[in-house]
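**Student:** sequence and predicted model, in that order:
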Amino acid sequence: MTGALSTKLLLVDDDLKLCRLVRSYLEPMGYAVTTAHNGPDGLAQALGGEFDALILDVMLPGMDGFEVLKKLRATSNVPVLMLTGLGEESDRIVGLEIGADDYLPKTFSTRELLARLRAVIRRSRMTAVRMREERSSAVVVGEIRIDPESREVSVRGSNITLTAVEFDLLLSLAKAAGRVKTRERLLLEVAERDFEAFDRSIDVHISSIRKKLGDDPKTPLFIQTIRGVGYMMLKPGVAAE
């Protein structure tokens, strides 16, 4: 048995055969799998239970996966792995923009599913442990204040709401203010995934952070794109190049 006995998983998918397959594969690994087969039921269970992660299909009866995720993210940062149609890049981008932690095409292998699940759960748990252990003081870069302990972010004194991945990305950039962070490094630090040449997830998350900060990528005040390399948090008084 290789999974954690306490790992509780909610699988929201209307494909009963797939649900049986996932459950039969994961339960011997130590995962307690609860299933829901439509959007409203999945949302109710996600909000009412304590799960370590959710597997959420995009196409669901009653309420699609995007709407479920939007409503869930209003109150919860539980890791969410979304299932998308084969080759549907638009689904992946939308999912990441509204708070998904990772995505997987519905042609996934069970081994890849397990690997992705372990990654998002491990990141979530490590972040929680790190925050408890570090009890770090707030990180302040110009008008941005980041509190690692409470995971709160404010800009010019006004709080903004970030997903777990967005918070970790912003904190990583802020701690390295004035230095460039490559996409590869950010993927490894924040998503714990190997870099894929055409993986746009970091760019999507950065775009979402910018919108919430009120930052214009054409004339950035906070986050500068270093073309072909990655991103850099600008230090106060340093103009973007």
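**Tutor:** Right, received. Where do you want to start?
**Student:** state the pLDDT value of the residue nearest the centre of the chain.
**Tutor:** The centroid of the chain falls nearest to residue 101 when counting by C-alpha atoms, centre = their mean (2.6 Å). Turning to residue 101, the model gives it a pLDDT of 90.
**Student:** domain parsing for the protein?
**Tutor:** As recorded under automatic domain parsing, the domains making up the chain are 8-129, 135-233.
**Student:** where among the ones you listed is average confidence lowest?
**Tutor:** Looking at the domains of the chain, the bottom one is domain 135-233 with a mean of 87.
**Student:** so how far is residue 117 from the residue nearest to the centre of the chain?
**Tutor:** Separation of residue 101 from residue 117 (C-beta to C-beta, to the nearest Å): 10 Å. No exception for glycine: its C-beta is placed from N, CA and C like everyone else's.
**Student:** what's the overlap in contacts for these two?
**Tutor:** Shared contacts of residue 101 and residue 117 (C-beta atoms under 8 Å, 6 or more residues apart in numbering): residue 81.
**Student:** number of nearby residues for residue 121?
**Tutor:** A count of nearby residues for residue 121, using other C-beta atoms under 10 Å, gives 21.
**Student:** helix, strand or coil for it?
**Tutor:** Following DSSP: H, G, I helix; E, B strand; the rest coil, we place residue 121 in the helix state.
**Student:** surely it meets residue 7?
**Tutor:** Yes: using C-beta atoms under 8 Å, residue 121 makes contact with residue 7 at a distance of 6.7 Å.
**Student:** any shared contact partners between those two?
**Tutor:** 52, 53.
**Student:** gap between the closest residue to residue 160 other than its chain neighbours and residue 167?
**Tutor:** Spatially, and ignoring its direct neighbours in sequence, residue 160 is nearest to residue 212 (4.7 Å; C-beta to C-beta, 6 or more residues apart in numbering). Going from residue 212 to residue 167 by C-beta to C-beta gives 11 Å.
**Student:** would you map the strands across this structure?
**Tutor:** 8-12, 32-36, 53-57, 80-84, 102-105, 139-141, 144-147, 152-155, 158-160, 180-182, 223-226, 230-233 (DSSP state E).
**Student:** in a markdown table: those strands, plus distance to residue 73.
**Tutor:** Shown next, in a markdown table, are the strands of the chain (distance: least, C-beta to C-beta, whole Å):
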| stretch | distance to residue 73 |
| --- | --- |
| strand 8-12 | 15 |
| strand 32-36 | 17 |
| strand 53-57 | 11 |
| strand 80-84 | 8 |
| strand 102-105 | 15 |
| strand 139-141 | 23 |
| strand 144-147 | 19 |
| strand 152-155 | 15 |
| strand 158-160 | 13 |
| strand 180-182 | 25 |
| strand 223-226 | 21 |
| strand 230-233 | 23 |
